[in-house]
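Trainee: everything below, folded, please.
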Amino acid sequence: MLLPRDRYGLNLFDEMLNDPFFKKRESNYNSIMKTDVHEKDGFYHLEMELPGYAKEDIKAELKNGYLTITAEKNDSKDEKDKKGNVVFQERYTGKCSRSFYVGNHVSQEDVKASFENGVLKLVIPSTEHKKAEEKKFISID
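Mentor: As a prediction, the model looks like this:
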């Protein structure tokens, strides 16, 4: 028996497909590592949200002009009763990373980083800062 498409003002198939069981799970990528980048006074100011991560869980690597931020966490929780039997056990392992091209002119010493309250802050030179050349005079004979 076929059901009418619109029954009592409800679209049955649309309602069924809106059920959380049929929805695509949202990736953790959408909820972590949200990043704001602002340019000011010749520097990029990057703020990255990393809630739930500790400073020790985060690594920043500069290689071939790319700055890669990696956050990795391994967590295990277990609850035991008075006799020592496990009544609840949960594990979480996760790793996420994000890369930004900052240019080959940036060195590791140029990047300043801090981490506070789940926010990683980085300051990176946006343009190549050339050292002023010393004036050299040519002797005339």
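Trainee: quick one, strands of this protein?
Mentor: Applying DSSP state E to the chain gives strands spanning 6-7, 10-11, 35-40, 43-49, 58-63, 66-80, 86-101, 112-116, 119-125.
Trainee: what sits against Ser126?
Mentor: By CB atoms under 8 Å, 6 or more residues apart in numbering, the contact set of Ser126 is Glu39, Gly42, Phe43, Tyr44. C-beta: built from backbone N, CA, C; applies to glycine.
Trainee: the second one and Pro125 touch, don't they?
Mentor: When you say that, I think you mean Gly42. Yes. Under the criterion of CB atoms under 8 Å, Gly42 makes contact with Pro125 at 6.5 Å.
Trainee: for those two, indicate the residue with more neighbours.
Mentor: Taking neighbours as other CB atoms under 10 Å, Gly42 and Pro125 compare with Pro125 leading, 17 against 9.
Trainee: Gly118 versus that one, what's the distance?
Mentor: Pro125 is 26 Å from Gly118, where distance means CB to CB, to the nearest Å.
Trainee: how about the closest residue to Glu90 other than its chain neighbours, what does it touch?
Mentor: Leaving out its chain neighbours, the residue that sits closest to Glu90 by CB to CB, 6 or more residues apart in numbering is Lys77, at 4.9 Å. Counting by CB under 8 Å, 6+ apart, Lys77 touches Phe88, Gln89, Glu90, Arg91.
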